[in-house]
Structure formats: C-alpha cells, structure tokens
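Engineer: what follows is a predicted protein model with its sequence.
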Amino acid sequence: MADTLGRTHPTIQAKADNAATGPVRLVLFDIDGTLVSTGGAGMKAFGEAFEAAFGVTNVTGQIKFAGRTDYSLFREMCRHGGIDCTAENRELFFSHYLRLVDNHLDASKGGPFPGVVRMLDELAAMPDAPALGLLTGNIREGARRKLVAYGLWDRFALGGFSDDDEDRNLIAAAAAAKGGEYLERQLAGPEIVVVGDTPKDISCGKHIGARTLGVATGGATLEALRACGPDWAVADLTHLSATKVCGR
Ligand SMILES: [Mg+2]
C-alpha cells in the first residue's frame, strides 16, 4: 500500500476492521517458512524415508513442498514411485520419516524467522491474550519435533495437523474447532487469525472466515501473497505488532 508520498511499505492492512469485528481470540500459525526454517530437514527426510521404506529413490525432485500437507505429499510420492498409497504404507513411511527428520534437524542451521519470538512473546503478554495454535500440513509428531528443536513447541496450546486431514482447508476447520473446545465456546471466523507463508495458507484461512496474515519468509513472495487478498501481508513479522493483529 502506498502512502501519501507514493512510497510503498512492507505492511498492508487491506481489509481487517478490528474495531468493527471485535478482538481476536485465537491465532493459528503455519510452521515451515512461517515460524521456522528447518534448513530443508523435512524435505530431505521425506526423500530418504521413501527410499528406506520402499527402496525407491528420487521421488521428491519433481514435487513442490511449500504449503502442502504431509499426507498429500506422501500420496504424490506414491504416484511418482509406483507405490500403493495405503494406510499401512503411510504408517511405514512416517515411522522412517520421524526417525530421519531428527537427524536433519540436529544438523541443520535452521531457526525462527525474524520477529517470530517477539510476536509470540507480545501475543502471550497481552491482557486477555488470545490462544495460540498451529495450523500446519505437518503430521503432529513431525510438527512437535521441528518446534521442540527450536524451543517453540510449548508456546502453542493446540493445533490442526495433517493427521486431521489431507486437505489444508479441513485442517483449518479442525484447528478452529479445537480452538473452540479449548476456549469453551465456538469461535466466529473473524475471531481467528491465520498466519502463513504461502497462498495455500491464505486460502485455508479464508475458508474458515478467519482474518489472514501472509508473511513472505518462506514459500512465496510478498507480491504473490498480496495478490491473494490477505488482511495483512508483511516481509517478516518484525513489521507488525501483536496489538495491530489482535485489534486492541
Ligand atoms: Mg509454510
């Protein structure tokens, strides 16, 4: 958005009218590319796990990972590798994946993106603080290992994961429902903010009627995120305060 001098700024506030819609009660964060970089740990472990489970190599090369769910990635890898996408094969694959992802997390140079820890601190310190949750395509145990590695797992009270569904829109619905259970009342869409780094994050947030915040630290450029019409789009989370996001 340009100011009166025609300068552009990394932060836009396109649609949210916090005063009109009331305070936010739940903030849901994507993990990869949004909270943390894992230095490609997940992607490397996916390829290696497929080889360990089925003896098939080089199935990840043609696959785009950003914004995807683990279950949908597994289905696509099975298609490329000629493996039946059964529940038994999926269980076998993810047992190898969890073993291997730990190795890469240990070795990687990953960590939280700029502004992430400050934003989580600010949100938690707010009077009548919103609940913090995850909305991720990771399986729950994979999410836990990635965030434990960088000291962030305990920040979140709940989450929607690939275990809930293969479709990110339905993971968003599951995360919203869990937020409602946690807060002991059903939440209206605008009481929720979904934070993510890809157009898929923005669209799943819109699917549940939530406010959406695109952050260009991962799988998409700022321009690509803006084109999805989020309530905010920022280069990274240093450009936005918790107060602004939560409308108080
Ligand atoms: Mg992501």
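Structural biologist: Arrived safely, thanks for sending.
Engineer: residues of the chain that sit close to the ion?
Structural biologist: Residues of the chain found near the ion (Cβ under 5 Å from the ion) are 30, 32, 33, 197, 218. For glycine as for every other residue, the C-beta is placed from the backbone atoms N, C-alpha and C.
Engineer: export those as TSV, with columns for secondary structure, pLDDT and neighbour count.
Structural biologist: TSV is the format used below for these (DSSP: H, G, I helix; E, B strand; the rest coil; pLDDT from 0 to 100; neighbours: other Cβ atoms under 10 Å):
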residue	secondary structure	pLDDT	neighbour count
30	coil	98	26
32	strand	95	28
33	coil	96	22
197	coil	97	25
218	coil	94	20
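Engineer: can you give me the buried ones in stretch 233-244?
Structural biologist: Residues of stretch 233-244 classed as buried: 233, 234, 235, 236, 237, 239, 240, 242 (neighbour count, 16 or more other Cβ atoms under 10 Å).
Engineer: how about the helices in this structure?
Structural biologist: Here the chain has its helices, by DSSP state H, at 18-21, 41-54, 70-81, 87-107, 116-125, 140-149, 168-183, 199-207, 222-226, 242-246.
Engineer: so who does residue 198 touch?
Structural biologist: By Cβ atoms under 8 Å, 6 or more residues apart in numbering, the contact set of residue 198 is 30, 33, 66, 67, 218, 219, 220, 225.
Engineer: which one of those is nearest residue 184?
Structural biologist: Residue 184 lies nearest to residue 30 out of the contacts of residue 198, by Cβ to Cβ, at 25.3 Å.
Engineer: how about residue 214: what's its closest non-neighbour residue?
Structural biologist: Leaving aside its chain neighbours, residue 214 sits nearest to residue 225 (3.3 Å; criterion: Cβ to Cβ, 6 or more residues apart in numbering).
Engineer: wait, residue 205 sits on residue 172?
Structural biologist: Yes - with contact defined as Cβ atoms under 8 Å, residue 205 reaches residue 172; the gap is 6.5 Å.
Engineer: which neighbours do the two have in common?
Structural biologist: The contact lists of residue 205 and residue 172 share 28, 135, 194, where a contact means Cβ under 8 Å, 6+ apart.
Engineer: the second one touches residue 197, doesn't it?
Structural biologist: No - with contacts defined as Cβ under 8 Å, residue 135 does not count as touching residue 197, sitting 11.9 Å away.
Engineer: circling back to that earlier point, and the helices of the chain: which comes nearest residue 158?
Structural biologist: helix 168-183 (4.5 Å).
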